[in-house]
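[1] what's the 3D shape of this:
(one chain, ligands or ions: 2)
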Amino acid sequence: MSRFTLPRDLYHGKGALETLKTLKGKKAMICVGGGSMKKFGFLDRAEGYLKEAGMEVKIFEGIEPDPSVDTVMKGAAAMQEFGPDWIVAIGGGSPIDAAKAMWIKYEYPDCTFEDMCKVFGIPELRKKAHFCAISSTSGTATEVTAFSIITDYTKGIKYPIADFEITPDIAIVDPELAETMPKKLVAHTGMDAITHAIEAYVSTANSFYADSLAIHAIELIQENLVKSYNEDMTARDIMHDAQCLAGMAFSNALLGIVHSMAHKTGAAFDDHGAHIIHGAANAMYLPKVIAFNAKDPTAKKRYGVIADYMHLGGSSDDEKVKLLIDYLRKMNDDLNIPHCIKNYGADSFPTEQGFVPEEVFKERLHDIAANAILDACTGSNPRQPSQEEMEKLLLCCYYDTEVDF
Ligand SMILES: NC(=O)c1ccc[n+]([C@@H]2O[C@H](COP(=O)([O-])OP(=O)(O)OC[C@H]3O[C@@H](n4cnc5c(N)ncnc54)[C@H](O)[C@@H]3O)[C@@H](O)[C@H]2O)c1
Ligand SMILES: [Zn+2]
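    Ligands and ions are numbered 1, 2, ... in the order given. Sure, this is the predicted structure:
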């Protein structure tokens, strides 16, 4: 038996933000990031709509990109004090993910961060508050997923919290919010979305339900991501839906080792000022992981199906896998994303010598590989890598060398 869970309601299309006027409750806490939602007027509008709904509103702001355990604890304390019956998270993946973890701690004050990280081990929520998520980036789809990614900066590791309990009650997917994204954010979040769809499609937990969403997401992203990056606003709006479809797929079919590796490399070099942005990490690792996973016959077939839906041509599955890898690499080029960590510059753009030093990468390789194997996303990957294989794969991601094992 398998389970398929989504938010109770999903409001999409321009004007969907106004749905906030219809929420029923007494107190809403809005959780928001560093300033983009305020700057573009969406925070004020959200606050106004909730007040129109008759609610008392408090704002918890300043949630940083790749939110920390510390921020989660602070937000939960603010919730404890205010006592909201609605948590409304607005912004990119970071503030929404942080708010999900705050929600757990608010409902269960004795719950530690370690407790939260027990996969599918969250106790029943909604005794104190319901959760509404409003996404402003077109990638993580956290507005519909059962995941929250929190970084433990003392260890330099991103931990996924995974449980259908944290799937929001209401998702608002209003493309107007995504129109203000700068190009780089469009590129990174868009490649995150296609990674979600592809990993979900080849995941060992795939199902007809998730497949249909994943495939349609891939088709839409293929058609619209580069256009959206080049400021075509119709394409930008479609991408907001496409990433959400990908999210519905992966929240149920789960992910694979592209994400395991992204989670374990993202913050691993922060002490060298070298943070690898989630979507960029995925974009660099995805072609490598496809080559690795395609050694599994079922995965190879499924990559072939993806290539067919993308009309890439090829007469054998081997050819189709190669064409898919080439296509994704070309997307990276079109979006100004490098192919490997060695060429990943401080500004995330391709450069001759990136900001993760070679000797530091090699020094930490063993531990990063071991942590990636232990990541919650590894279990549903079509091929289970050994420590040696994971290290080799990470080296290919560092140097952009061919995966032939
Ligand atoms: N929960 C999940 O299922 C899931 C899935 C994938 C990734 N993640 C996590 O999500 C985080 C990344 O989220 P993200 O990629 O959405 O970025 P983000 O939330 O970290 O935001 C990045 C930056 O973009 C700005 N921004 C956001 N929306 C904007 C807009 N519309 N216009 C202008 N600026 C805007 C923010 O202020 C911030 O400075 C990572 O921590 C990643 O690990 C979560
Ligand atoms: Zn992701």
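[2] List the contacts of the residue in the stretch 251-400 of the chain positioned nearest to ligand 1.
    Closest to ligand 1 within the stretch 251-400 of the chain is residue 278: 4.0 Å, counting by Cβ to the nearest ligand atom. (Each C-beta comes from the backbone N, C-alpha and C, glycine too.) Residue 278 sits next to 66, 93, 140, 149, 188, 192, 262, 266 when contact means Cβ atoms under 8 Å, 6 or more residues apart in numbering.
[3] I'd like the distance between it and residue 191.
    9 Å (Cβ to Cβ, to the nearest Å).
[4] And for residue 391?
    Applying Cβ to Cβ to residue 391 and residue 191 gives a distance of 24 Å.
[5] before we move on, what about residue 262?
    With Cβ to Cβ as the criterion, residue 262 and residue 191 are 11 Å apart.
[6] Repeat that for residue 371.
    22 Å.
[7] next SSE after the one helix or strand in the chain whose mean pLDDT sits lowest?
    One helix or strand of the chain scores below all others by mean pLDDT, DSSP states H and E: strand 157-162, with a mean of 87. The element immediately downstream of strand 157-162 (helix or strand, assigned by DSSP states H and E) is strand 170-173.
[8] Now do that following strand: everything it contacts.
    Contacts of strand 170-173 (Cβ under 8 Å, 6+ apart): 7-13, 16-17, 19-20, 23, 130-135, 143-144, 240-241, 244.
[9] Beyond that strand, next helix or strand please.
    helix 183-202.
[10] Please identify the buried residues of that next one?
    For helix 183-202, the neighbour count (16 or more other Cβ atoms under 10 Å) marks 184-202 as buried.
[11] and those residues near ligand 1, which?
    Among the buried residues of helix 183-202, the ones lying near ligand 1 by Cβ under 6 Å from any ligand atom are 185, 189, 192.
[12] Am I right that residue 307 is in a helix?
    Yes: looking at residue 307 with DSSP: H, G, I helix; E, B strand; the rest coil, it is inside a helix.
[13] Tell me how many other residues crowd it.
    22 (other Cβ atoms under 10 Å).
[14] Over to residue 6?
    Residue 6 - counted by other Cβ under 10 Å - has 19 other residues nearby.
[15] Contacts only, for it.
    144, 167, 248, 251-252.
[16] What are the buried residues along whichever strand or helix holds residue 38?
    Assessed by DSSP H and E, residue 38 sits inside helix 36-39. By 16+ other Cβ under 10 Å, the buried positions in helix 36-39 come out as 36-37.
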